[in-house]
Structure formats: C-alpha cells, structure tokens
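Q: Sequence below, structure please.
(chains A and B)
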Amino acid sequence: RKEVEQDPGPFNVPEGATVAFNCTYSNSASQSFFWYRQDCRKEPKLLMSVYSSGNEDGRFTAQLNRASQYISLLIRDSKLSDSATYLCVANTGFQKLVFGTGTRLLVSP
Amino acid sequence: DVKVTQSSRYLVKRTGEKVFLECVQDMDHENMFWYRQDPGLGLRLIYFSYDVKMKEKGDIPEGYSVSREKKERFSLILESASTNQTSMYLCASSPTLGGEPYNEQFFGPGTRLTVL
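A: So this is what the prediction gives:
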C-alpha cells in the first residue's frame, strides 16, 4: 500500500464548478500535510499547507481528518487556470516528505 | 524570490556513462533534496542533505550518489547510467525554521534525463 494515495483523475469540470479531491495516508504518525500544484512540464509549487482541522485560502479549502487519515482539497468557482495536477504531501516525521502521485484537474470553458 | 536552478533541462546519455546533475539555490537554505518523478509513481526521494558535507539516503538511493561541498550546491551523480534511470529529476531546497526542516520545499525546473 502506498503511503499517500490519490485518485489520479482526470477530473473534468466546467468553469465555475466546485470540485473536491481526497487523499489518504497510511502513517498515523504523519505530522503535517501539504497540497502542491504542478502544471504540465513544470515543477511542483506549494499551494497550501494543511494544519490541525484545516484552513482556507481564497477559493481553496483544505481539510484534515486524522481519525480517518485523509485530507481533502476543495476548489470553488473553478477557473481555467486551475487546470493542473494537485499533489498531496505528508510529512511522515521520518525526516522526509512523501508525495502522492497526483490528481489531474481539467477545467473547461 | 527563491530560485533553484538545475544545470540542464534535457540530457541524453549512454548506458554506462557517469552523469552529473547540478543544483544551485540562492536562498541560503540548509536543506536540499533530489527526487525523480515517473508517471504513475510520483515523486520519489533519492537523497537529501541537511548541511554541507551531510547526506542521507532517501527511498531509492541505489545507483546514485550525491555531493554537497558548498551550502548552495547539491549534486546528484549516476555512477554508471542505466536505461531504468531515464526519468525527470527534480531538485528542491527548504529552510529550517524553529528546528523543523520540513517547511515549504522550492523546486528547480527539473532535468529530463534519457539514457540510451
């Protein structure tokens, strides 16, 4: 079983839609979590960190459920520019970050 | 802005060659990392370093070595390149804040290595 698992997608949504991605992690000792965004043929960039019960940044909301060991990313009012791959990342506490394989989002006009 | 640069965007090498991938960061970060990214497998950590001359194995260190002689530079070495090392290689750096090195990682643009 992978340490961090994501649905690879793609998720195809129209502009203005709300879309949510889930990510599960296997190591209950994982201390902190992140969502990274990766555009096609580009490097990953931090979208947002996820702490305790979650946090919001504009149209983006991240939630953490430690009991069920999953985190989620909600994107409201999707824009064409949101089309990308979203990587779920866990700090497992063993001195490394573990990346999921990513969920691909395609936003269409 | 933090900048992480990698020596090449594209590289083609032959089986058995020794390959050097260079990474330089300009933000005085203590921590540097080398990953490879493959379809369906995501980013996998090869090696990382918390300080000059320090190195730690990641998840897939076999066939690779690293060197960190200066704080800003972290090199990945493929001692004898093989076709299964064809991949996208990404370097990253991060600061240590409050004793915690796992803050935001800043990535370089990547090197797409093809081994023939």
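
Q: Enumerate the residues of chain A near chain B.
A: Within chain A, the positions lying close to chain B (Cβ under 8 Å from any Cβ of the partner chain) are A:8, A:32, A:34, A:42-46, A:49, A:87, A:91, A:95-97, A:99-102. Quick note: C-beta positions are derived from backbone N, CA and C, even for glycine.

Q: again, only using 6 Å
A: Where chain A comes near chain B, counting by Cβ under 6 Å from any Cβ of the partner chain, the residues are A:43, A:44, A:46, A:91, A:96, A:99, A:101.

Q: Pull out the buried residues from the residues you listed.
A: Neighbour counting by 16 or more other Cβ atoms under 10 Å in any protein chain shown classes A:43, A:44, A:46, A:91, A:96, A:99, A:101 among the residues of chain A next to chain B as buried.

Q: hang on, the earlier thing: as CSV, the residues of chain A next to chain B with pLDDT, distance to residue A:16 and secondary structure would be great.
A: Supplementary listing: those in CSV, determined by pLDDT from 0 to 100; distance: Cβ to Cβ, whole Å; DSSP: H, G, I helix; E, B strand; the rest coil:
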residue, pLDDT, distance to residue A:16, secondary structure
A:43, 95, 29, coil
A:44, 96, 26, strand
A:46, 93, 25, strand
A:91, 86, 34, strand
A:96, 76, 38, coil
A:99, 93, 30, strand
A:101, 94, 28, coil
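
Q: State the pair within the buried ones among the residues of chain A next to chain B that is farthest apart.
A: By the measure Cβ to Cβ, those have their two most distant members at A:43 and A:91, which lie 19.3 Å apart.

Q: Would you mind listing what in chain B touches chain A?
A: Contact residues (Cβ under 6 Å from any Cβ) of chain B with chain A: B:42, B:43, B:45, B:102, B:104, B:107, B:109, B:110.

Q: Farthest from the middle of chain B: give me that residue.
A: Within chain B, the residue lying farthest from the chain centre (Cα atoms, centre = their mean) is residue B:98, at 24.4 Å.

Q: Check that residue and give its pLDDT.
A: We note a pLDDT of 71 for residue B:98 in this prediction.

Q: ok, it to residue A:64 distance?
A: For residue B:98, the distance to residue A:64 under the criterion Cβ to Cβ, to the nearest Å works out to 20 Å.

Q: cool, and residue B:53?
A: If you go by Cβ to Cβ, the gap between residue B:53 and residue A:64 works out to 37 Å.

Q: who's more crowded, those two?
A: For residue B:53 versus residue A:64, the count of surrounding residues by other Cβ atoms under 10 Å in any protein chain shown is larger for residue A:64: 19 against 10.
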